[in-house]
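# would you be able to build a 3D model of this:
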Amino acid sequence: MAKVQPFPVCLKCTEQNHSALILECKYSPYCLLEYSGYHESQDPVAEKHAKGETLRAKVQEENTKHEKSVNVAWAMTLNNQQMGCQHVLQGMVGFSSVCMVVFKSVYNKAKVTEQEHDVKRILPRKIDLP
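Model prediction:
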């Protein structure tokens, strides 16, 4: 079975947030928190990292839900096709048996008329006398 692709929109959004966080961490004055005396709760970069992690977890959760629903839909489709094929094949067998009966009857009628025609050739002709 093919691997289910993740939601591209969610992953793109998460990647953009991640790259923005990396840039902010590189060029932000809050990166050197231990030297400046800020507490963990006042750090906007840490808050954004936490938000990014929660978004990443949500994307992963949505991915697993999507993969489950795809697998369920695939299994249901396969099951319905297997059940449907049985009825189609039974219909084809019934149709072919009816066709065979019709072809045999046509063949037998043609055979009988050919035999009658052969018998007419064997019999002498009636000659009409004046």
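# what packs against the helix or strand hosting residue 48?
Under the criterion of DSSP states H and E, residue 48 resides in helix 44-122. Applying 3 or more C-beta pairs under 8 Å, 6 or more residues apart in numbering; DSSP states H and E, one finds that helix 44-122 makes contact with helix 8-27. Any C-beta I mention is one placed from the backbone N, CA and C, and that applies to glycine too.
# what about residue 67, how many residues nearby?
If you count neighbours by other C-beta atoms under 10 Å, residue 67 ends up with 14.
# how near is it to residue 54?
20 Å (C-beta to C-beta, to the nearest Å).
# now residue 48
11 Å.
# between those two, who's got more neighbours?
Between residue 48 and residue 54, residue 48 has the larger neighbour count (other C-beta under 10 Å), namely 17 against 10.
# lowest-confidence helix or strand of the chain?
The weakest-scoring helix or strand in the chain, judged by mean pLDDT, DSSP states H and E, is helix 33-36 (a mean of 48).
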